[in-house]
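> attaching a predicted model along with its sequence, questions to come.
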Amino acid sequence: VSRQRTELSALKLAAENATLDLARGVRDLERELIAALPAFPTPLRDRLVSYLEKLTDKEKRSALPLRERLETCVAILQSAQLFHQAVNLAQQELILDDGRSREFQVLYFGLSRAYFVNEAGSVAGYGSPDAAGWNWTRADSLASEIRKGVFIRNKRALPAFLNLPVAMPPEGAQGKATEE
């Protein structure tokens, strides 16, 4: 009986240590996800609203069991991975350098690059994320190419290569825009 009790105590201690390790890992993952959230595109954040609420609200997060906190992190990571593997199209409002809010069609190429164009095809540009959020740069010369990408994404044109800038241009390129 005493040997069984010792074995059970050892198993219990090992399980408690494993739970503490898992809790530390989940806390670290939550911290990293919270730090990465500003770089998530608006359409992705909109899809994840209920999960993000659980993650960012400290009271809700601490009230959740460890299993549910882990599931929340996994769901956010899975959604981010799916978004990153696709070309996503969204209607989004941006405020350009003139201070006016306008609606654009925004083509997201994963989590790292996006291009926007208005319905008329006269105002366009591109964006990329940093630690503070998405930075948008107006580049009207890209409008026809971005529009072509929107038509391809909507299956209204045959697939084709698009001639769009990938690297960030030097500082001082046309005006910046912000999300509203």
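Nice, thanks for sending it over.

> check which residues of the lengthiest helix in the chain are buried.
Of all segments of type helix in the chain, defined using DSSP state H, the longest is helix 2-36. Within helix 2-36, the residues that qualify as buried are 26, 29, 30, 33, counting by 16 or more other C-beta atoms under 10 Å. From N, CA and C alone the C-beta is placed, and that goes for glycine too.

> how close does the last one get to residue 158?
When distance is defined by C-beta to C-beta, to the nearest Å, residue 33 is 39 Å away from residue 158.

> where does the chain have low pLDDT?
Scanning the chain for pLDDT under 70 picks out 167-180.

> so which residue is smack in the middle of it?
With the centre of the chain defined as its mean C-alpha position, the nearest residue by C-alpha atoms, centre = their mean is residue 40, 2.2 Å away.

> tell me which element the spatially closest residue to it that is not a sequence neighbour falls in.
Beyond its immediate neighbours in the sequence, the residue positioned closest to residue 40 (C-beta to C-beta, 6 or more residues apart in numbering) is residue 80, lying 6.8 Å away. Secondary structure assignment for residue 80, by DSSP states H and E: helix 66-84.

> how many neighbours does residue 105 have?
21 (other C-beta atoms under 10 Å).

> how about it: what's its closest non-neighbour residue?
With C-beta to C-beta, 6+ apart, the residue lying closest to residue 105 is residue 150, at 5.1 Å.

> that neighbour is in contact with residue 117, isn't it?
Yes - with contact defined as C-beta atoms under 8 Å, residue 150 reaches residue 117; the gap is 6.5 Å.

> pull up the overlap in contacts between these two.
When contacts are counted by C-beta atoms under 8 Å, 6 or more residues apart in numbering, residue 150 and residue 117 are jointly contacted by residue 105.
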